[in-house]
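In: When you get a sec, could you give me coordinates for this:
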Amino acid sequence: MTVQDIRSFNRFYTNVIGALDYGRRLYAPYTLTESRVLYELAHAPRTDAADLRAQLHLDAGYLTRILNKFEEDGLVERSPSETDPRRRRVTLTAPGRQAAALLDERARQSVGAMLDTVRAEDRPRLAEALRTVRTILGDGRAPRPEDVVLREPAPGDLGWIVQRNAALYAAEYGFDAGYEALVASIVADYAGDHDPHRERTWIAELDGRPVGCVMCVRDDAPGAARLRLLLVEPDARGLGIGDRLVGALVDFAREAGYREVVLWTNDILAAARRIYRRHGFELVAEKPHRSFGRDLTGQDWRLDLDATQE
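Out: The predicted structure is shown next:
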């Protein structure tokens, strides 16, 4: 392996993905750097400018000019950080989220078109090669919170939600097949008929694999959204994924015009309950029950979106 080998591959891959022409083909009217800033803000909706600069390794003045442009165009809002008044929190506005979603969809279509040229039998080998490059050049470092991406489900992800919920709850809490049947029913209802303007699923992705999920669906009560199927893989815990998933859901529910978010859980799910409390949910009722092969205490939690409006 020589320096020339790496440079040769870089030139090859740059041509494959059309990186030199991204501005005209994919990200117009934004530059590639501006598009990356929008992407990061869309997937970490409560980002301080200092954190954003560190994540993207950008010059402070350059990032400030980009954010100034975004603010003038109505794509972002800046306010003092909740944790440090010396820092500035950057949040996408509704038009900003729309712009980021459009750019993300264009990128997905571009990469999807490239993958369409790869034979099905070659795709596992390609995926493993990409993981190998990331592992070796990543110098074996531990995953960081900024390595996690929140995205919409891709084909197969809804099936993954069912499989991982069933497997993890059986391993960690001894739940039987009744829980898998419940999860499968929830996911099937969502897949069969959901309103994308009022309901959404998030997948947390790390190193190209799903490591977490949550769903927002309409509740039977008027004006209420229901949080369902929050999950984080054991080897991805400690990166704030659960917090980000719940935060994304709460932001979406508020923007979609819901007045409250409700959820049902069980008292043995201590880590999840701590996340709910941090986001302002309050326990409103609990009742013992026998489900999933266990004696449990079910709990109803509620978040009043009007009361927590910033």
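
In: switch to C-alpha atoms for all contacts and neighbour counts from now on
Out: Noted.

In: what about stretch 110-120, distance to the chain center?
Out: 24 Å (C-alpha atoms, centre = their mean, to the nearest Å).

In: Endpoint to endpoint, it covers what distance?
Out: The straight-line separation of the ends of stretch 110-120 (C-alpha to C-alpha, to the nearest Å) is 18 Å.

In: buried sites along that stretch?
Out: By neighbour count on 16 or more other C-alpha atoms under 10 Å, the buried set for stretch 110-120 is empty.

In: By mean pLDDT, point me to the weakest helix or strand of this protein.
Out: helix 22 (a mean of 52; mean pLDDT, DSSP states H and E).

In: can you give me how far the following helix or strand past that one is from the chain middle?
Out: Going down the chain from helix 22, the next helix or strand is helix 32-43, by DSSP states H and E. Chain-centre distance of helix 32-43: 14 Å, with C-alpha atoms, centre = their mean.

In: for helix 32-43, which positions count as buried?
Out: 32, 34-43.

In: and what of stretch 269-276?
Out: In stretch 269-276, counting by 16+ other C-alpha under 10 Å, buried: 272-273, 275-276.

In: Low-confidence ranges, the protein, go.
Out: 17-28, 44-46, 82-84, 139-141, 308-310 (pLDDT under 70).

In: downstream neighbour of the top helix by length along it in the secondary structure list?
Out: Selection of the longest helix in the chain by residue count, based on DSSP state H, yields helix 94-115. Using DSSP H and E, the helix or strand that follows helix 94-115 in sequence is helix 123-137.

In: Show me what the next helix or strand after that next one pairs with in its sheet, parallel or antiparallel.
Out: Reading on from helix 123-137 to the C-terminus, the next helix or strand found by DSSP H and E is strand 149-151. Its sheet considered, strand 149-151 pairs with strand 200-206 (antiparallel) by DSSP bridges.

In: Pull the residues that contact the strand it pairs with.
Out: Residues outside strand 200-206 that contact it (C-alpha atoms under 8 Å, 6 or more residues apart in numbering) are 147-153, 157, 210-217, 241, 245.

In: next one: stretch 210-225
Out: 157, 161, 190, 194, 198-205, 226-233, 236, 241-242, 245-246, 249, 253, 257-262.

In: No further queries at this time; thank you.
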